[in-house]
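> from the sequence below, what's the structure:
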Amino acid sequence: QVQFVESGGGLVQPGGSLRLSCATSGSINDIYTMAWYRQAPGKQRELVARSRVGDSVVYTFYADSVRGRFTIARLDAKNTVYLQMNSLKPEDTAVYYCNTYPATSSWGQGTQVTVSS
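Alright, predicted model coming up:
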């Protein structure tokens with residue numbers, strides 16, 4: 001089963017940007033959909049964005065709360081998935097995880113993103 005290692009989180013001021021990276025232990029070439037999720041304190045984990053490859057075309061989906069601000073990208077040759085986050089808001093504060101979509105049971109440690117002045 002593919003393992004996931006997230007990185008790139010940190011403390012950023014509102015309006016700032018971060019780029020998260022997710023390195024996988026195996027090839028993602030055969031994984032149709034990769035995704036980023038997040039879990040804020042006291043809340044359930046939620047889907048943030050997903051990227052599906054089909055017939056050499058990449059399809060993306062974003063949660064309403066991040067659409068237009070976040071961009072998911074996958075680099076299959078490096079078994080890596082990215083999440084570019086711009087115009088960050090305090091409500092984006094959460095631990096961010098990557099996984100397949102639907103998610104496997106193999107969650108990584110996640111990377112903490114804190115948006116605060």
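> give me the most central residue, this structure.
The chain has Trp36 as the residue nearest its centroid, 2.8 Å off, counting by CA atoms, centre = their mean.
> mind listing what's buried along the helix or strand that contains that one?
Taking DSSP states H and E as the criterion, Trp36 maps to strand 33-39. By 16 or more other CB atoms under 10 Å, the buried positions in strand 33-39 come out as 33-38. Bear in mind the C-beta positions are built from the backbone N, C-alpha and C, glycine included.
> what's in contact with the helix or strand that comes right after that strand?
Heading C-terminal from strand 33-39, the first helix or strand you meet, by DSSP H and E, is strand 46-54. The contact list for strand 46-54, computed with CB atoms under 8 Å, 6 or more residues apart in numbering, reads 32-39, 58-63, 66, 70-74, 76, 81, 83, 96, 101.
> out of the residues you listed, which end up buried?
Neighbour counting by 16+ other CB under 10 Å classes 33-38, 62, 66, 70-72, 74, 81, 83, 96, 101 among those as buried.
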